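J.: Got a predicted structure here, sequence first:
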There are 2 protein chains.
Amino acid sequence: KRFEDVFPIIANELLGYIRGEGMPKDAVEWYEKNLYHNTPGGKLNRGMSVVDTVEILKGEALTEDEYLKAAILGWCVELLQAYFLVADDMMDASLTRRGQPCWYKMPNVGNIAINDAFMLEAAIYHLLKKHFRSEKYYVDLLELFLETTFQTELGQLIDLLTAPEDHVDLSRFSLEKHHLIVVYKTAFYSFYLPVALAMRMRGIEDEAAYKLALSILIPLGEYFQVQDDYLDCYGLPEHIGKIGTDILDNKCSWNINTALSHATPDQLSVLESNYGRKDPVAESRVKEVFSQEPIALPRRFETYEAESYTKITELIESVDESGGMKRAVFTSFLNKVYKRSK
Amino acid sequence: KRFEDVFPIIANELLGYIRGEGMPKDAVEWYEKNLYHNTPGGKLNRGMSVVDTVEILKGEALTEDEYLKAAILGWCVELLQAYFLVADDMMDASLTRRGQPCWYKMPNVGNIAINDAFMLEAAIYHLLKKHFRSEKYYVDLLELFLETTFQTELGQLIDLLTAPEDHVDLSRFSLEKHHLIVVYKTAFYSFYLPVALAMRMRGIEDEAAYKLALSILIPLGEYFQVQDDYLDCYGLPEHIGKIGTDILDNKCSWNINTALSHATPDQLSVLESNYGRKDPVAESRVKEVFSQEPIALPRRFETYEAESYTKITELIESVDESGGMKRAVFTSFLNKVYKRSK
Ligand SMILES: [Mg+2]
Ligand SMILES: [Mg+2]
Ligand SMILES: [Mg+2]
Ligand SMILES: [Mg+2]
Ligand SMILES: [Mg+2]
Ligand SMILES: [Mg+2]
């Protein structure tokens, strides 16, 4: 709630800026709708994790000013995600997002949503300049956002080439491809970026600390995405808040890639002729094969989850806290993620 | 030619980077096609004007290293333009650009072009970091690109809201709207950005010098765009290298706005029922009215051109050269633009 209350502040700063540039009323109102439709309304995990991490690193409550600055960085991560999602929904021809129509599906929007996505991204750098220009770490913030943006776009590109929405070709899939897509498309911006921003805000300058954080947060992000993929098929709709569509949508998910790497020839041919078809009967054939031995996804997921937990816990234990880093940054992430059902 | 030869160097740097990140072969090849299809191939005026300006400011020939750095900044401006144009063609539903199909119209591209546009933008910041990270003015370069991007997107937004490709409503048009669209959508990135980048590279730090440059280059950019609009209707196809389509496309151009502000009631109704229709007969009715008194665009353009030239010349004469600025920076632009027919 405290975090959410910061959004209108930054929206007003952005709208005040463009009003001050003499933009006509209809353009100001359009940008306002764009900002409010696309930025709040999600789970805000990424944004709030910036604030949480700054608090853990400080080790005591934040001042008003510190809270505001951390929350602004958090909202910049949410703006970055909004930018990606507006575009992703257009490229995937999706219809809804967070229980409402996708932005490009709203009345009179259509392809204007491309420029609207750009303007969500531009908001980040306007806010960074306004609030951080005089900080020693300003250029580090700029580079963090800019590099993470490129990485996420690379992940999106491999995803688009590997799993086009309208053309099924399972020979392009592999667990290595899945790994690459997940790391680039999700883990950098969802896990590393929020923590690295918080570390910069706390004045951590040792590059080795960033490398170490990366080496823990990327596996954590991958584990999170594997869960997301698994829950898309095996989670309860009342827990995950939606009905999974990864099989229908030809997604390059952990489920299909794990299945492909363990399938018998008969199972393989069922997968090949039923995966990624917009047909609920084909979908249930795929689900059936997913659960059959030797594929047995529930059993393999249990093993994967246990191994990931052990591996990440070991990485966290190796963290040296003398340079200002805290193991609790990572354990708080891991505890939120481990054995989640939603 | 020397400028053009720098493009393969930067393309290889970008492709080497993503190869080094472990991107699959198809993704590297895709990015290569994206870069080459969209970045070179235009007139390269904006990119080359960075190099020209650095040379004028230095007052003697550039060293190899200076040339390369200026050319990289120039190509970053061209990458920024490529990013805008890929998206603009999608939003305008255009079919061709620079004599070849628009990128999104190429086989298998479609909406992936949205992410491809993002990756053209990302290239800019990768190159700036690689080549300018250790320069004192690095953060100024970042801010120049980031702020100009936001301004151009604002211009695009007003343009999209004022002149939607599929809905004609001349009551939204006005010369003030035209001014705002031209300044934000074109003048900042095409005129101010290249000069400001060159000034940074030459070590000019006085903020007043940037304000002064802006105060000359924005009117110059506006004058350039008015010419572009005028030539779309009155230029010779063999000079301008294309057949103008602004009337058919419902463009918010200088021609229609000037016509609207001087039309008789009868002329107004001809314009209202014929502008922006995809119909060559309607187009020629509009052209006829454009040339009739009291609208008389050729006469009004001649006056506009003479007045602009005088005004800009006066602005240039007032430039103080003691801080490293040179009047020749502006006169070289003005001479390229004045009374051009192509
Ligand atoms: Mg999607
Ligand atoms: Mg997608
Ligand atoms: Mg999912
Ligand atoms: Mg266009
Ligand atoms: Mg356009
Ligand atoms: Mg034109």
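T.: Looks like it came in fine. Numbers count the residues shown, from 1 in each chain, chains lettered A, B, ... in the order given. Ligands and ions are numbered 1, 2, ... in the order given.

J.: For the residue of chain A found nearest ligand 1, which non-adjacent residue is closest in space?
T.: Residue nearest to ligand 1 within chain A: A:Asp92 (3.8 Å; C-beta to the ion). Using the backbone N, CA and C atoms, a C-beta is placed for each residue, glycine as well. For A:Asp92, the nearest residue in space outside its immediate sequence neighbours is A:Glu165; the separation is 5.6 Å by C-beta to C-beta, 6 or more residues apart in numbering or on different chains.

J.: can you check A:Ser341 too?
T.: Here the residue nearest A:Ser341, using C-beta to C-beta, 6+ apart, is A:His239, at 4.9 Å.

J.: quick one on the thing from earlier: how many residues are close by the residue of chain A closest to ligand 1?
T.: 17 (other C-beta atoms under 10 Å in any protein chain shown).

J.: That one reaches A:Lys251, doesn't it?
T.: No: A:Asp92 lies out of contact with A:Lys251 (C-beta atoms under 8 Å); the separation is 9.6 Å.

J.: Report the buried residues of stretch A:173-187.
T.: A:173-174, A:177-187 (16 or more other C-beta atoms under 10 Å in any protein chain shown).

J.: Ends of it, what's the gap?
T.: End-to-end distance for stretch A:173-187: 19 Å, by C-alpha to C-alpha, to the nearest Å.

J.: is any part of it close to chain B?
T.: Yes: on the criterion C-beta under 8 Å from any C-beta of the partner chain, stretch A:173-187 is in touch with chain B at A:Lys177, A:Leu180, A:Tyr184.

J.: How about stretch A:78-91?
T.: Yes: residues of stretch A:78-91 contacting chain B under C-beta under 8 Å from any C-beta: A:Ala87, A:Met90, A:Met91.

J.: how close does A:Ala209 get to chain B?
T.: For A:Ala209, the distance to chain B (C-beta to the nearest C-beta, to the nearest Å) stands at 20 Å.

J.: show me what contacts that residue?
T.: A:Met199, A:Gly323, A:Gly324, A:Met325 (C-beta atoms under 8 Å, 6 or more residues apart in numbering or on different chains).

J.: B:Leu268: which of these is nearest?
T.: A:Met199 (62.5 Å; C-beta to C-beta).

J.: what mean pLDDT would you report for the strand or helix carrying that closest one?
T.: A:Met199 is part of helix A:193-201, with elements assigned from DSSP states H and E. Helix A:193-201 shows a mean pLDDT of 98.

J.: do stretch A:57-69 as well
T.: On average, stretch A:57-69 scores 97.

J.: now stretch A:209-217
T.: 96.

J.: Off-centre distance for it?
T.: Centroid displacement of stretch A:209-217 relative to its chain, using C-alpha atoms, centre = their mean, to the nearest Å, is 18 Å.

J.: go on, stretch A:108-126?
T.: Relative to its chain's centre, stretch A:108-126 lies at 18 Å (C-alpha atoms, centre = their mean).

J.: Dump that stretch to PDB, restricted to CA.
T.: Listed in PDB are the C-alpha atoms of stretch A:108-126, where the atom choice follows Å, rounded to 0.1, in the frame of the first residue of the first chain:
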ATOM      1  CA  ASN A 108      -8.800   3.500 -30.400                       C
ATOM      2  CA  VAL A 109      -5.400   2.300 -29.300                       C
ATOM      3  CA  GLY A 110      -4.300  -0.500 -31.700                       C
ATOM      4  CA  ASN A 111      -0.800   0.100 -33.100                       C
ATOM      5  CA  ILE A 112      -0.400   3.400 -31.300                       C
ATOM      6  CA  ALA A 113       0.500   1.000 -28.400                       C
ATOM      7  CA  ILE A 114       4.000   0.700 -30.000                       C
ATOM      8  CA  ASN A 115       4.700   4.400 -29.300                       C
ATOM      9  CA  ASP A 116       3.000   4.100 -25.900                       C
ATOM     10  CA  ALA A 117       5.400   1.300 -25.000                       C
ATOM     11  CA  PHE A 118       8.300   3.600 -25.900                       C
ATOM     12  CA  MET A 119       6.900   6.300 -23.700                       C
ATOM     13  CA  LEU A 120       6.700   3.900 -20.700                       C
ATOM     14  CA  GLU A 121      10.400   3.200 -21.200                       C
ATOM     15  CA  ALA A 122      11.200   7.000 -21.600                       C
ATOM     16  CA  ALA A 123       9.500   7.600 -18.200                       C
ATOM     17  CA  ILE A 124      12.200   5.600 -16.500                       C
ATOM     18  CA  TYR A 125      15.000   7.900 -17.600                       C
ATOM     19  CA  HIS A 126      13.000  11.000 -16.900                       C
END
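
J.: Please enumerate residues in contact with that stretch?
T.: By C-beta under 8 Å, 6+ apart, the list of residues contacting stretch A:108-126 reads A:10, A:13-14, A:17, A:30-31, A:34-35, A:38-39, A:76, A:79-80, A:82-83, A:86-87, A:90, A:103-104, A:142, A:145, A:149, B:87, B:90-91, B:93, B:114, B:117, B:146-147, B:149-150, B:153-154, B:156-157, B:160.

J.: mind listing what's buried in the worst-scoring helix or strand of chain A on mean pLDDT?
T.: Within chain A, judged by mean pLDDT, DSSP states H and E, the helix or strand with the poorest mean is helix A:237-240; its value is a mean of 88. Buried positions in helix A:237-240, judged by neighbour count with 16+ other C-beta under 10 Å: A:Ile240.

J.: Strands of the stretch 101-250 of chain A, start to end?
T.: Using DSSP state E, counting those that start in this stretch, no strands are assigned anywhere in the stretch 101-250 of chain A.
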